[in-house]
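*Asks:* I'd like to go over a predicted model; first the sequence, then the structure.
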Amino acid sequence: MHAPLHRMTLNRFAVLGRVGMDLMADPPGTRIEEARAFTTAIGGSAGNIAVALARQDAQAALISCISDDAVGRFCAADLARYGVDTSHLRPVAGEARNSLALTETRAEGCQTVLYRNGAADFALTPDQIEQIDFTPFAALILTGTALARDPSRSATFAAIARARAAGALTVLDVDYRAYSWSSRQEAAATCLMAAQACDITIGNDDEFALMAGSYDEGPTLARHLATQGALFTVYKRGAEGCTTHRPEGSFDTPIFAVTALKPTGAGDGFMGGLLAALAQGAPLDTAIQRGAATAAIIVSGLGCAPASPDRATLDAFLRQHQG
């Protein structure tokens, strides 16, 4: 393992960003507009990443704000049920609300309707970050949506600075959601600034194109970050797999062929599986493969957090798909 990556073996992660409630039309295959029942689970990129880590025997703590109401309490309780540390969640009173996503278990034409009116997670403040000791953490994982508005944006950059000062690695999931930003230009500049400040950046072709200014320049930016101080970057290309760039070179990793029930949750699972594997001492290429396998299991299961595999399930999947 690359010497700085040895920090990952502390096996304790702070994840900063949103958590919400998912309502999934039931039974699987049902359209939202035709549904008479919904099943619930936690959602949101940071929440899903924290669960994916906890399911694979990593310690994970979520840093966020939740609404001081029944939905916020649902999110905190469900995170705790998965073993995620909720001590850094701050309830926010007034009109702040946790995200609510209505979604479907459909591989084709999957609809998702997301409500983020007065999103509670944007209430995260630098003062809240000042109360956190990052010294015990292997890494701070940032989801880019937290950068979309202040005070959450300032809190996120404060967290990067405090984590780095404590010796923790910093990992950015670009997580670009256009509806959260006032403009594409602001998103591009802010996400690029965060990527340049982090040790690891993971994003898809759309997200690197956003930061680079064009799809042609996206791959170049991913390589450039890896030669200008990043430990590695991961450029995800959907069905074509991903390319991992390190200072000393690059390698490709294919996806695992599965029958997908839905398109959602893959990126969050990829991040969790990758970092959990690094925490267990796996070399980078193996860790990327375990991230890809985690993603494949999640898209072929029901829900995102509920479909997240434990280590035994992931190991069995890899044995079945070996070669």
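*Replies:* In hand now; what should we look at?

*Asks:* residue 93 touches residue 66, doesn't it?
*Replies:* No: at 11.0 Å, residue 93 does not count as touching residue 66 under the criterion of Cβ atoms under 8 Å. Where C-beta positions appear, they are placed from N, C-alpha and C, glycine not excepted.

*Asks:* how close does residue 267 get to residue 91?
*Replies:* Per Cβ to Cβ, to the nearest Å, residue 267 is found 28 Å from residue 91.

*Asks:* settle it for me: which of those two has more neighbours?
*Replies:* In this view residue 267 and residue 91 are compared by other Cβ atoms under 10 Å, and residue 267 has more residues nearby, 24 against 15.

*Asks:* helix, strand or coil for that one?
*Replies:* Per DSSP: H, G, I helix; E, B strand; the rest coil, the secondary structure class of residue 267 is helix.

*Asks:* quick one: contacts for it?
*Replies:* With contact set as Cβ atoms under 8 Å, 6 or more residues apart in numbering, residue 267 has these partners: 45, 173, 175, 202, 204, 236, 295.

*Asks:* from those, which single one is nearest residue 116?
*Replies:* Of all these, residue 116 sits closest to residue 45, with 12.4 Å by Cβ to Cβ.

*Asks:* from residue 316, how far off is residue 13?
*Replies:* Counting by Cβ to Cβ, the gap from residue 13 to residue 316 is 24 Å.

*Asks:* these two: who's more crowded?
*Replies:* residue 13 (29 against 12).

*Asks:* surely the more buried one meets residue 53?
*Replies:* Yes: judged on Cβ under 8 Å, residue 13 makes contact with residue 53 at a distance of 5.5 Å.

*Asks:* between those two, which contacts overlap?
*Replies:* If you check residue 13 and residue 53 against Cβ under 8 Å, 6+ apart, the residues they both contact are 59-60, 275.

*Asks:* in helices only, show me these.
*Replies:* Using DSSP state H, residue 275 are the members of the shared contacts of residue 13 and residue 53 that sit in helices.

*Asks:* which helices and strands does the helix or strand in which residue 317 is found pack with?
*Replies:* The secondary structure element spanning residue 317 is helix 311-320 (assigned by DSSP states H and E). Here helix 311-320 is seen to pack against helix 284-299 when contacts are counted using 3 or more Cβ pairs under 8 Å, 6 or more residues apart in numbering; DSSP states H and E.

*Asks:* got the angle for the helix it packs on vs helix 311-320?
*Replies:* Here helix 284-299 runs at an angle of 100 degrees relative to helix 311-320 (axes from the mean of the first three to the mean of the last three Cα atoms, to 10 degrees).

*Asks:* what pLDDT is listed against residue 2?
*Replies:* Note on residue 2: pLDDT of 61.

*Asks:* also the one 4 residues further on?
*Replies:* Taken from the predicted model, the pLDDT recorded for residue 6 is 90.

*Asks:* do you know how far it is from residue 162?
*Replies:* 21 Å.

*Asks:* ok, the two, which is more surrounded?
*Replies:* A direct count of neighbours by other Cβ under 10 Å for residue 6 and residue 162 places residue 162 higher, at 18 against 12.

*Asks:* which other residues reach the strand or helix carrying the more buried one?
*Replies:* Taking DSSP H and E as the criterion, residue 162 maps to helix 152-165. Applying Cβ under 8 Å, 6+ apart, the external contacts of helix 152-165 come out as 14, 16, 63, 121-126, 128-130, 132, 134, 137, 139-140, 142, 146-147, 169-170, 190, 194, 197-198.

*Asks:* could you dump the following helix or strand past it to PDB, C-alpha only?
*Replies:* Moving toward the C-terminus from helix 152-165, the first helix or strand encountered (DSSP H and E) is strand 169-173. These are the backbone C-alpha positions of strand 169-173, laid out as PDB (Å, rounded to 0.1, in the frame of the first residue of the first chain):
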ATOM      1  CA  LEU A 169      -6.800  12.000   4.500                       C
ATOM      2  CA  THR A 170      -9.500  13.900   2.600                       C
ATOM      3  CA  VAL A 171     -11.800  12.200   0.000                       C
ATOM      4  CA  LEU A 172     -14.200  14.100  -2.300                       C
ATOM      5  CA  ASP A 173     -17.200  12.500  -3.900                       C
END
